[in-house]
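Novice: Okay, structure incoming, though there's no sequence with it:
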């Protein structure tokens, strides 16, 4: 029953995305032919390309044709990269997943304890500090912080590697299998490559981590405050349980239920590809891919990318829903 | 109670902090390998590496390094050509037939011999594919039907090219230096033909040439790898590899260059160039390029169509200030439509900021109190800065300019549909011959909305039958000096009466680490050659 509901939601969402993106793509004031043939192409080449793309057909026919193609898993070819869109996405998406995962890990591992600390010591200096950290993470533009971090950690301290995903010297010795470079390198036991990859991902990963930390710690704090004022906490204290036990095993466990949704949503947000981070760090991910494509009216690529993101969003929502059920016995019995 | 908590908590946070710090373990910085030169460059404009199709700036540089032509642009005197794979050529007395002798015993990178047959095939496929740059060849009367007759190998070492009119030989030869006339490896390409596409689908991302470098790998928006071609007939490349890394951000490029992670940075903005000028480990090289930046006045707008207004606006640009700040190091003030260094170029910059004179002209046009007008500006430097500067100087004479910002392709779409008032942008030469720019700045065969040819004059609805004739005449002048003089005359007329306010000519600048020797930017985008580069 539940799965049927999931399926319906998922399909409607994705179909809605398809419709909206398609029509946005057709009304933006950019001529898609221009992206293919360039500004200097003679008029007859422009006209021929327009016909080849089917852009001379009525809009509803173009849409119908597109849906038919998409249903067979054919998203067409990207103009900018000349590759099939699916192939491109298979290449760029792992880069984004890797970055988003590192970011979310950092954000959760640090953000949750900080949020707990702030809640437990509500009103103290520690609480204020956590709040300020959160506020900065919320309000400072990422491109500014990104450039600053590059100047400090890369240019001055030389602790991390330069923008990009991997050093050029490894272009020849390292053959990724899955596209998840870190995973591939570990499996292949190429430790020098792992180290190089880590040096590349550390900074953008930490930055994204900081931004998700800001969000996660704030939410943890508010969830914990709610839990700590509950009667079962008073009861536990009266029973003589240690404060550590109350906070980490009782309160946090209850706060974890809504927290899962928060983390899942923040992860999904990062998976959309953080365009600015990817630009600053020359990270060949999905965000950069879709932005580039959109600016060039490369609609096949934009539609393909958007659908993948849509599917991921829906997938993560379902996953967090399932996790919710495991964590919260009440939803299980219902 | 709380104390215990704090203690545990501290332990936890310290552990977490430590795990982050692992990333921060000091590391001796890795220089690029000695046999490899690494360039950071925005290469996201490449959409194809097939010389019959590629027409973008970055692709031009790659083709220039990896393919050969019959003749090449003479780097030391860019108004001439020098032999490429042709050792000599003759032009018939009626100027219709060009006969090229191919150098003997040349090989493609694949090991296949280079013959006149390959040259003929390259012409045939470019014309029949009919992609964006094909007009450079088809303007000589080549069509899909006649190309095998008009561009023909009469024996393995002789290639004969027949044109439809007695053009200036300098024009014909200049066009043959263009990327679209690159010689491709017929035997190799034919192995990859699908559905009669002349191997275009394959060659977009692969390589079949004979230049000093081989193109090994291109991942869009990421990396492009060149490797030395040991079969090259000329002087072999000094480095084994050249790697272009796609990096869009000027500041990112600068940091990577300063740290030695790249050898050459190609997209530094004036601010970053200024900053590295004090670094003794970094030198710069610059060369004027065939691109001019201009803004143009749509003649469909009745106000802008008045001759006095056109002239007045040319006096309302602070050329000196723009040259000294906005384009410092990346351009030079230049007001004529032919770039410096080309046959017939004219070094004349008569306009200066002169508000009084402009006001006088506007008054004559009955616009004493100025007028309102819009300008479409794309969101990149230096055009945004120039547009803002122009907005200020226009205001001094009462002309109220509103800037409409937009993405590059967006403003261009509007411009191409003639829906703008004023458009600011740039124009790069299609091939290294004065006709390329004259054809777009000084000729408009048909000003109707459904015209077949849509040059810049058409986009600005500037109807000029007389100039169009003069441009056509210059094409047939066989004496190179006389031909040059004709283009100078055309430039003067466009300068005085045209709707184009040409502001500057682009200078390309590269910042290079001091241990890199022999890097020299060429006069055109496809002559930024890498074969002379070496590292200490």
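Specialist: Perfect, thanks for sending it. Here the structure is a predicted model, which is why all the values come from computation and not from measurement.
Novice: What residues does the stretch 201-334 of chain A have near chain B?
Specialist: Counting by CB under 8 Å from any CB of the partner chain, the residues of the stretch 201-334 of chain A lying close to chain B are A:202-203, A:206, A:242-244, A:247, A:279-282, A:284, A:288-289, A:292, A:295-297. To be clear about C-beta, it is placed using only N, CA and C from the backbone, and glycine gets the same treatment.
Novice: Apply the buried test to the residues you listed and list what passes.
Specialist: With neighbours counted by 16 or more other CB atoms under 10 Å in any protein chain shown, these contain buried members at A:202-203, A:206, A:243, A:247, A:279-282, A:284, A:288-289, A:292, A:295-297.
Novice: Please name the spatially closest residue to the residue nearest to the spatial centre of chain B (chain neighbours excluded).
Specialist: By CA atoms, centre = their mean, the mean C-alpha position of chain B lies nearest to residue B:57, the distance being 4.5 Å. Computed as CB to CB, 6 or more residues apart in numbering or on different chains, the closest residue to residue B:57 that is not its neighbour in sequence is residue B:525, at 4.9 Å.
Novice: Could you find the residue in the stretch 151-300 of chain A that comes nearest to chain B?
Specialist: Sorted by distance to chain B under CB to the nearest CB, the residues of the stretch 151-300 of chain A start with residue A:202, at 3.5 Å.
Novice: Can you tell me how far residue B:269 is from residue B:384?
Specialist: 12 Å (CB to CB, to the nearest Å).
Novice: one step back: just the ones in helices from the buried ones among the residues of the stretch 201-334 of chain A next to chain B, please.
Specialist: A:202-203, A:206, A:243, A:279-280, A:288-289, A:292, A:295 (DSSP state H).
Novice: Relative to residue A:315, which of those residues is nearest.
Specialist: Nearest to residue A:315 among these: residue A:289, at 19.4 Å, using CB to CB.
Novice: any idea how far the closest one is from residue B:250?
Specialist: According to CB to CB, residue A:289 stands 21 Å off from residue B:250.
Novice: dump the residue contacts of residue B:383.
Specialist: Applying CB atoms under 8 Å, 6 or more residues apart in numbering or on different chains, we find residue B:383 in contact with B:293, B:377, B:424-426.
Novice: So which of these sit within strands?
Specialist: Using DSSP state E, the subset of those located in strands is B:293, B:377, B:424-426.
Novice: what about the helices in the stretch 51-200 of chain A?
Specialist: A:59-71, A:85-120, A:125-139, A:142-149, A:181-187, A:191-228 (DSSP state H, counting those that start in this stretch).
Novice: would you turn the ones you listed into a markdown table with distance to residue A:39 and mean pLDDT?
Specialist: Below are the helices of the stretch 51-200 of chain A laid out as a markdown table (distance: least, CB to CB, whole Å; pLDDT from 0 to 100):
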| stretch | distance to residue A:39 | mean pLDDT |
| --- | --- | --- |
| helix A:59-71 | 24 | 82 |
| helix A:85-120 | 24 | 90 |
| helix A:125-139 | 40 | 87 |
| helix A:142-149 | 29 | 85 |
| helix A:181-187 | 37 | 85 |
| helix A:191-228 | 34 | 89 |
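Novice: Pipe the ones you listed into CSV and attach distance to residue B:279 per row.
Specialist: Shown next, in CSV, are the helices of the stretch 51-200 of chain A (distance: least, CB to CB, whole Å):
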stretch, distance to residue B:279
helix A:59-71, 52
helix A:85-120, 31
helix A:125-139, 32
helix A:142-149, 19
helix A:181-187, 32
helix A:191-228, 23
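Novice: and stretch B:71-91, which residues are buried?
Specialist: B:71-73, B:78-79, B:81, B:83-86, B:89, B:91.
Novice: what does stretch B:434-449 give?
Specialist: B:434-445, B:447.
Novice: Give me the below-cutoff pLDDT ranges for the stretch 151-300 of chain A.
Specialist: Scanning the stretch 151-300 of chain A for pLDDT under 70 picks out A:172, A:273.
Novice: tell me which parts of the stretch 51-200 of chain A are close to chain B?
Specialist: A:78-83, A:88, A:91, A:106, A:109-110, A:113-114, A:116-117, A:120-121, A:147, A:150-151, A:153-155, A:157-164, A:167-169, A:171, A:198-199.
Novice: Please verify my assumption that residue B:98 contacts residue B:163.
Specialist: Yes - the criterion here is CB atoms under 8 Å, and residue B:98 meets it with residue B:163 at 7.3 Å.
Novice: Please enumerate the shared neighbours of these two.
Specialist: The contact sets of residue B:98 and residue B:163 overlap at residue B:172 (CB under 8 Å, 6+ apart).
Novice: Test my guess that the residue of the stretch 151-300 of chain A closest to chain B contacts residue A:154.
Specialist: No - between residue A:202 and residue A:154 there is no contact under CB under 8 Å: 10.1 Å.
Novice: any shared contact partners between those two?
Specialist: Counting by CB under 8 Å, 6+ apart, the residues touching both residue A:202 and residue A:154 are residue A:160.
Novice: Distance-wise, check residue A:35 relative to residue A:131.
Specialist: According to CB to CB, residue A:35 and residue A:131 sit 46 Å apart.
Novice: Neighbour count: the two, which is higher?
Specialist: Counted by other CB atoms under 10 Å in any protein chain shown, residue A:35 and residue A:131 do not tie: residue A:35 has more neighbours, with 20 against 15.
Novice: Test for you: state the pLDDT assigned to that one.
Specialist: Listed pLDDT for residue A:35 reads 73.
Novice: Excluding covalently adjacent residues, which one is nearest to residue B:361?
Specialist: With sequence-adjacent residues excluded and distances taken as CB to CB, 6+ apart, residue B:361 is closest to residue B:312, at 3.9 Å.
Novice: Need the three-state assignment for that neighbour.
Specialist: helix (DSSP: H, G, I helix; E, B strand; the rest coil).
Novice: correct me, but it touches residue B:363?
Specialist: No - Residue B:312 lies out of contact with residue B:363 (CB under 8 Å); the separation is 9.4 Å.
Novice: Neighbour count for these two, which is higher?
Specialist: Higher neighbour count among residue B:312 and residue B:363: residue B:312, with 26 against 14, using other CB under 10 Å.
Novice: need the contact list for that one.
Specialist: Taking CB under 8 Å, 6+ apart, one finds B:357-359, B:361-362, B:365, B:397 in contact with residue B:312.
Novice: Looking at those residues, which two lie furthest apart in space?
Specialist: Farthest-apart pair in the contacts of residue B:312 is B:357 and B:365; separation 13.0 Å (CB to CB).
Novice: Just want the residue of the stretch 201-350 of chain B that's nearest chain A.
Specialist: residue B:220 (3.5 Å).
Novice: Many thanks, we can stop here.
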